[in-house]
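Q: Quick one: sequence and predicted model below, then my questions.
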Amino acid sequence: MNMLSFLGETPTIALRLAQEECGEEAIVISTKKISNAHQNGKDMYEVVVAVEDEQKKRNLQYTKKAISKATPPSEPIKTQVYDFKEEILKMQSVLEQVQKSIWNPKSQLYDLTIPPEFASMYNTFEQNEFDQEMTYTIMKKTIKQLPIVLKGNPKKVNDFFKLILRRVIPIKHEVPLRKHQRKIIMMVGPTGVGKTTTISKLAARYAYKLGQNYKVGIVTLDSFRVGAIEQLQAYTNIMRLPLEIVKKPEGLSEALLRLKDCNYIFIDTAGSSQYDIDKIELINEYQKRVEEVPIEKILVLPANVKHSDLLEIYKNYSRLSIDYLTFTKLDETRSFGNLISFAHKTKKSITYFSIGQNVPDDLIVSDSTFLIDCFMNRQCVRR
């Protein structure tokens with residue numbers, strides 16, 4: 001096999017010369033730049049091919065000599081290797097970006113190519129563990145609805161996604177009571193999600209922070225957890241609020257009667273595993289004793305668990321006829337897509353966010369803008 005060299009002002013010209021002389025069977029061994037325009041008046045590239053035909057070799061050597069004579073002898077050619085490795089690495093980088101922009105869910109029901117201008121936002125959805133089906137729907141809707149003139153503006157793209165997210169987050173806005181109104185709120189949920197601390201925050205908020213001088217009372221049904229009653233007693237003593245301790249279902253109606261002058265009554269319940277159906281049903285027993293009294297049930301959920309766990313908790317606690325949601329531990333996670341996906345799928349509005357242990361400050365009244373900011377920044381954004 002013989003090595004032959006061809007020159008041209010571009011790699012394409014040199015390669016074409018090689019193919020014309022040697023045919024398609026010629027094997028390209030290398031391509032390199034051997035002359036710069038600012039040095040010799042023109043760029044010059046050399047293509048080296050391998051052939052087996054001796055006659056072609058002789059003809060091509062003559063051709064090479066003829067071309068070489070066109071180069072001024074007084075200006076020797078300086079060889080510069082054309083860096084194909086660098087070009088290949090650049091291509092790999094581009095391919096990786098394209099790969100990140102291709103919709104590739106576990107299910108093959110969907111195929112959606114994410115435009116480059118949406119790639120950053122798509123990654124944000126992935127990092128926030130947003131539900132895949134909802135991600136697909138939102139991406140498809142945005143690709144279809146966002147005007148072409150806005151696609152080149154990253155801020156406009158982000159604002160459009162924020163608008164769509166705002167539409168899918170169900171929010172229960174806080175509406176203060178009128179003077180003679182009364183509301184009873186029961187907090188339910190698994191052990192350790194922060195029901196007692198959240199009740200203390202809400203009690204302080206309604207009693208002292210809204211400027212309405214609301215009368216607030218607290219009832220606890222939690223006689224199972226060690227220290228639960230003592231924790232509430234400590235808070236209620238500091239806030240000078242009445243506390244009723246109820247240990248049996250038949251005692252709830254009497255406790256509510258003793259708090260009849262309160263505008264807000266918060267009921268703390270015993271936490272239990274979502275799989276402990278007996279304890280969940282015990283809460284139902286308390287409710288049945290006061291069926292004539294309207295009680296708002298709020299399911300308290302931790303933000304730092306995955307979407308499937310939230311659905312499991314909701315599935316078993318929904319037997320209590322849940323009205324609204326409150327999320328705690330937002331300061332203990334970097335993924336907020338599960339909150340948005342879960343609230344949207346269950347169609348239960350969010351009432352409050354707990355962002356820490358400080359009573360009463362670490363409480364945020366439900367606000368889609370706050371949750372979206374957490375989502376975009378991937379951290380709890382304190383105000």
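A: On my side now, so go ahead. It should be emphasised that the depicted structure is a prediction, and the values quoted were computed from it without experimental measurement.
Q: all contacts plus neighbour counts: C-alpha atoms, from now on.
A: Will do.
Q: The stretch 1-150 of the chain: strands as residue ranges?
A: For the stretch 1-150 of the chain, the strands defined by DSSP state E, counting those that start in this stretch cover 2-8, 27-35, 44-51.
Q: Can you tell me which of these is most buried?
A: Among the strands of the stretch 1-150 of the chain, ranked by average contacts under mean count of other C-alpha atoms under 10 Å, first place goes to strand 44-51 (a mean of 22).
Q: That one pairs with which strands?
A: Counting by DSSP bridges, the strands paired with strand 44-51 are strand 2-8 (antiparallel), strand 27-35 (antiparallel).
Q: and the last one, what's its mean pLDDT?
A: The average pLDDT within strand 27-35 is 76.
Q: next one: it to chain centre, how far?
A: Computed by C-alpha atoms, centre = their mean, to the nearest Å, the chain-centroid distance of strand 27-35 equals 48 Å.
Q: which residues touch residue 265?
A: Each residue near residue 265 by C-alpha atoms under 8 Å, 6 or more residues apart in numbering is listed here: 182, 183, 184, 185, 216, 217, 218, 219, 259.
Q: Backbone dihedrals for the residue nearest to the first one when sequence neighbours are not counted, please?
A: Beyond its immediate neighbours in the sequence, the residue positioned closest to residue 182 (C-alpha to C-alpha, 6 or more residues apart in numbering) is residue 263, lying 4.4 Å away. Geometry field for residue 263 lists phi and psi as phi -80, psi -40, criterion degrees, to the nearest 10.
Q: what's the burial count for residue 263?
A: Applying other C-alpha atoms under 10 Å, we find 21 other residues in the vicinity of residue 263.
Q: Flag the shaky bits of the chain, pLDDT-wise.
A: Low-confidence segments of the chain, defined by pLDDT under 70, span residues 1, 37-41, 52-88, 90, 92-111, 224-227, 383.
Q: how about a markdown table for the strands paired with strand 44-51, with distance to residue 308 added?
A: What follows is the strands paired with strand 44-51, written out as a markdown table (distance: least, C-alpha to C-alpha, whole Å):
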| stretch | distance to residue 308 |
| --- | --- |
| strand 2-8 | 63 |
| strand 27-35 | 56 |
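Q: And the strands of the stretch 1-150 of the chain: which comes nearest residue 291?
A: Residue 291 lies closest to strand 27-35 among the strands of the stretch 1-150 of the chain, at 86.2 Å (C-alpha to C-alpha).
Q: Can you dump the C-alpha atoms of the closest one in CSV for me?
A: These are the backbone C-alpha positions of strand 27-35, laid out as CSV (Å, rounded to 0.1, in the frame of the first residue of the first chain):
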residue,chain,number,x,y,z
ILE,A,27,-8.2,5.6,2.3
VAL,A,28,-7.6,9.0,3.9
ILE,A,29,-4.8,8.7,6.4
SER,A,30,-4.5,12.4,7.6
THR,A,31,-5.4,15.9,6.8
LYS,A,32,-3.3,18.9,8.0
LYS,A,33,-2.8,22.5,7.4
ILE,A,34,0.7,23.2,6.1
SER,A,35,0.5,26.9,5.2
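Q: returning to what we had before: which among the contacts of residue 265 end up buried?
A: Burial by neighbour count, judged by 16 or more other C-alpha atoms under 10 Å, picks out 182, 184, 185, 216, 217, 218, 219, 259 from those.
Q: give the contact list for the fifth one.
A: For residue 217, the set of contacting residues under the criterion of C-alpha under 8 Å, 6+ apart consists of 203, 241, 242, 243, 259, 262, 264, 265, 266.
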